[in-house]
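1. Okay, predicted coordinates and the sequence, questions at the end:
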Amino acid sequence: KGDRQDTFAVVPEEAAVIKQIFLWVKEEYSINTILKMAREQGFQKRGGKDFQPDDIYFLIKNEAYKGDYIMQKHYIGDDRRHKLNHGEMKSWYIEHDHPAIVTRKLWEDANAVIKKRAEEKTRHLTLLPMTEENYPYKNRLFCGYCGQKLYAQKNRTGAQYSFYCNRKNIHAGTRCHGIS
């Protein structure tokens with residue numbers, strides 16, 4: 001948090017909460033246990049809301065807490081929407097840009113724990129390629145709302161496919177309200 005829009009400043013009370021969450025993750029407490037301990041100690045996000053599981057993952061993966069900054073991490077697309085940059089635009093990684101809340105070692109250790117957990121969850125799962133031989137209903141599933149063919153997409157962990165309708169209403173600029 002900074003006094004100007006383009007600066008970072010450490011807020012000691014918030015920094016203590018962030019550092020404690022990193023330590024708990026490093027000590028390999030489960031996310032649910034971390035959430036419970038955070039509630040017991042009165043830790044809350046800005047705005048007074050309790051932390052949620054996705055908040056913990058966001059904190060641990062955020063390079064800003066170790067003092068680094070990614071320029072052009074987000075951008076405004078042609079559709080004027082705010083988007084996360086996945087290589088569509090050039091970006092720059094700046095080390096030691098601002099004061100760190102956690103050490104690089106603590107940041108790396110906590111991220112290693114999160115990565116190890118993700119690998120353990122999906123290690124036993126092998127996802128076959130999306131072919132008609134492996135998935136006989138491929139190209140035979142349709143949206144009950146608009147009748148459009150459903151498309152397969154791997155979930156975030158890459159452990160299973162989800163199906164969604166990709167039809168857009170050209171005139172209204174909205175997506176189908178069927179499966180998403």
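-> Structure's in. What do you need? Residues are numbered from 1 along each chain as shown.
2. What strands line up against the host helix or strand of I70, and which way round?
-> Here I70 sits within strand 69-71, counting by DSSP states H and E. Using DSSP bridges, strand 69-71 pairs in its sheet with strand 92-94 (antiparallel).
3. So what touches the partner strand?
-> Here strand 92-94 makes contact (CB atoms under 8 Å, 6 or more residues apart in numbering) with 63, 68-72. All C-beta atoms are positioned from the backbone trio N, CA, C, and that covers glycine.
4. how about those residues in a markdown table, adding neighbour count and distance to D109?
-> Output for the contacts of strand 92-94, formatted as a markdown table (neighbours: other CB atoms under 10 Å; distance: CB to CB, whole Å):
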| residue | neighbour count | distance to D109 |
| --- | --- | --- |
| E63 | 17 | 15 |
| D68 | 17 | 16 |
| Y69 | 15 | 21 |
| I70 | 15 | 21 |
| M71 | 11 | 26 |
| Q72 | 11 | 28 |
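5. would you list those in TSV and tack on pLDDT and distance to Y29?
-> Shown next, in TSV, are these (pLDDT from 0 to 100; distance: CB to CB, whole Å):
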residue	pLDDT	distance to Y29
E63	95	22
D68	93	25
Y69	91	28
I70	92	28
M71	93	34
Q72	91	34
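6. could you point out which element follows the strand holding I70?
-> Counting by DSSP H and E, what follows strand 69-71 is strand 74-76.
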